[in-house]
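1. Predicted model and sequence below, questions to follow.
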Amino acid sequence: MSRTDWWRSAAIYQVYVRSFADGNGDGTGDLAGVRSRLPYLAELGVDALWFTPWYLSPLADGGYDVADYRTIDPAFGTLAEAEALLAEARELGLRTIVDIVPNHVSDQHPWFKAALAAGPGAPEQELFHFRPPSDEPPNDWVSEFGGVPWSRTEGGQWYLHLFTPEQPDLNWNHPKVREEHEDVLRFWFERGAAGVRIDSAALLVKADGLPDMPGSADAGEHPFHDRPELHGIYRSWRRLADAYGAVLIGEIWLPDAERFARYLRPDELHTAFNFDFLARPWDAAELRASIDLTLAAHAPVGAPATWVLANHDVTRTVTRYGRAEDTGFAFERKRFGVPTDLALGTRRARAAALLTLALPGSVYLYQGEELGLPEAEIPRERIQDPMHARSGGVDPGRDGCRVPLPWRADGDGPSWLPRPEGWERYAAERQAGDPESMLSLYRTALRLRRSFRDAGPLRWLRTDAPHLLAFARALPDGGTVLCAVNLGPSDAALPAHSELLLASGPLTPSGALPQDTAVWLRA
Ligand code: GLC
C-alpha cells in the first residue's frame, strides 16, 4: 500500500453499489453489503475499488443525478459507514476511488431548487444554463441520451441538460461551480479516497453563447465536447490531488487518440478510460490496431494505458462477444432480442480477460464480469434506465448489465431488478469451488498478474497465423512473460516457452492453441 504509482498498473474493480450486495435484504445493494463482501474482493486479487455514485440521489439516472455529494444515499447507508468501509478496505489492501459527476447535478440539488425558486435573471440561475422562453429550443444540440437537451421550467424558461431533464448542466464558467467541486474533492480525499473517477469529463465546458453545432465535423471546436478550457480545470484539480497523493481518472469518450492524450499530460489527469478497446469487435486485426493506437497515444505524454472490457453502461462481455454484430458501445442504440451464442461469448470473454490482464497499464473490472454474467433481458415493465423511455421504448437501456450479483445459488432475496431464470449457475458461492469457473480464472489471473504487472513494454511476436495475437514483456529477472490469443479460425502453435502459466480453456491434444483461447507463458 505504500506505492505512490500503484495506479500505473492497478487492477481496479468497479462496484455498482445498488447491485453489488444487499446487506439489509430490502432489494437494493448497500454499503453494509459491500462491507460484508470485502474479503471476497480481497481474495479476488484487485488493488482498488471504484464506487459508482453513492451520494444522495433521486435515482433518475442510477445515481448520476447527485443531490448532495457529502451525504450517502439513505438507501445505501450513512457517511459513517462509508468512512468505515474505506478504512476496512484499506486494511485488506484495497484502495477506494469515488465517482464525481461535475457536468450536472440532480434537479433536486439545493442549487437547482434555489435557481427555480429565484426565477429569471436571479444570480442563483447563473450556476446553470437558463434561456428565456421561446417557441423553439435555444439551439440545435442533441442530448447524449437522444432527443432535445432542453426542458422548460413551469414559467417557460429553458434549461440545458445533456442527459435527462432531471440532470441540469452546471455552468462551468461560474467560479462558484469550480470552487464547489474542488471542495468536494477535498472532502473525499480527506476521508481517505485514493482518487476520483470523473464522470463525462469532456463535457463540462460549453462554448460561450451556446452556439448551434458547426456545419461539418472540422468546422471548428465542438460547442460542448472536448473544449480547450477543460485543461485548465484539470490542471487545477491535479494540483489539489497531488497534495493528497490522489489520482484523477477521466471518463472520456473521444475517438481522436491525440486529443484524448492531451488530458493525460503530466499536469492533468493521471489516466482515462480507454473505450476504443471496448468498442472493437472480437477480431485480431481490430484488437491489435486498438492496442497499438492506445500505446502510441499514451507514450508521448508518459501516461499508462487503461484497459476496459465492460462497465455499467455497456453490454456485458460474454453477450457482446457472443453476437455477430452489436458492439454494445455505450449510448449507441441497442435492440431487444439480438441472437446470442453464450457458450461462444463465454469462451471469448475468458480469452479476453487474459489478453486484457496481460497488457501494460491499469485495468478496470466491472462487477459480475468475474462471474461471467451475460447481459440480462429485463421485462419492459421492470426497466428503470431512462435511456429506455427516452428511446421511445426501442433501446432496452443499460439495466441488463446492472442486475444484482448472484451470490447464492438458492437465491439472494428480492431485488430491484429481477434475477433472470437459471442464474444460480453463475452464483459466486458455486463458482468459488469450481476450478474451471470464470471466478477461478479471474482469481488465478489476478494473482499471477501481480508478479508481472510492472514488467516491461509490450513487444509483438512474429507469428505465422494472422489470427494469433502474441506479445512478450520482459521481466526483471531476465525472463519474459508471453500472452498468446487465438482469434480463429484455425488452431495455432504456441510461441516457444519454458512454462505454461495459465490457459483460458483446454489446449488441443497435440498442445496447440484452439480458436478463442488465450494462454500466458513464461520464456
Ligand atoms: C456517464 C455514466 C453514465 C451516466 C452519464 C451521465 O457516462 O457512466 O452511467 O448516465 O455519465 O451522468
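-> In hand now; what should we look at?

2. which residue ranges form the helices in the protein?
-> For the chain, the helices defined by DSSP state H cover 31-36, 38-44, 79-91, 110-118, 175-190, 230-244, 257-262, 275-279, 284-298, 317-320, 342-358, 386-390, 428-432, 438-452.

3. Go through those helices and name the closest to Arg462.
-> helix 284-298 (12.7 Å; Cβ to Cβ). Bear in mind the C-beta positions are built from the backbone N, C-alpha and C, glycine included.

4. how distant is the closest one from the center of its chain?
-> 19 Å (Cα atoms, centre = their mean, to the nearest Å).

5. elements contacting it?
-> Applying 3 or more Cβ pairs under 8 Å, 6 or more residues apart in numbering; DSSP states H and E, we find helix 284-298 packed against helix 257-262, helix 275-279, strand 468-474.

6. Return the list of helices and strands in contact with the shortest one.
-> When contacts are defined as 3+ Cβ pairs under 8 Å, 6+ apart, helix 275-279 packs onto helix 284-298, strand 306-308.

7. ditto for the longest one
-> Taking 3+ Cβ pairs under 8 Å, 6+ apart as the contact definition, the neighbouring helices and strands of strand 468-474 are helix 284-298, helix 342-358, strand 459-460, strand 480-486.

8. so what's the most centrally placed residue in the chain up against?
-> Nearest to the mean C-alpha position of the chain, by Cα atoms, centre = their mean, lies Asn311 at 4.2 Å. Asn311 is in contact with Gln14, Phe273, Leu278, Ala330, Tyr364, Tyr366, Cys401, counting by Cβ atoms under 8 Å, 6 or more residues apart in numbering.

9. Show me the two of the residues you listed that sit farthest apart.
-> Farthest pair in those (Cβ to Cβ) is Phe273 and Cys401. Separation: 15.6 Å.

10. Looking at those two, which is more packed in?
-> Higher neighbour count among Phe273 and Cys401: Cys401, with 28 against 21, using other Cβ atoms under 10 Å.

11. Quick check: chain neighbours aside, which residue is closest to the residue in the stretch 51-200 of the chain positioned nearest to the ligand?
-> Residue of the stretch 51-200 of the chain nearest the ligand, by Cβ to the nearest ligand atom: Tyr64 (3.3 Å). Using Cβ to Cβ, 6 or more residues apart in numbering and skipping residues adjacent in sequence, the residue nearest Tyr64 is Val101, 5.5 Å away.

12. same thing with Ala114?
-> Per Cβ to Cβ, 6+ apart, closest to Ala114 is Glu124, 4.5 Å.

13. these two touch, right, that neighbour and Ala115?
-> Yes. Taking Cβ atoms under 8 Å as the definition, Glu124 is a contact partner of Ala115 at 4.4 Å.

14. Between those two, point out the one with more neighbours.
-> Ala115 (24 against 18).

15. So that one versus Val338, what's the distance?
-> According to Cβ to Cβ, to the nearest Å, Ala115 and Val338 sit 42 Å apart.

16. and this structure, what are its domains?
-> 1-93, 110-160, 455-522 (automatic domain parsing).
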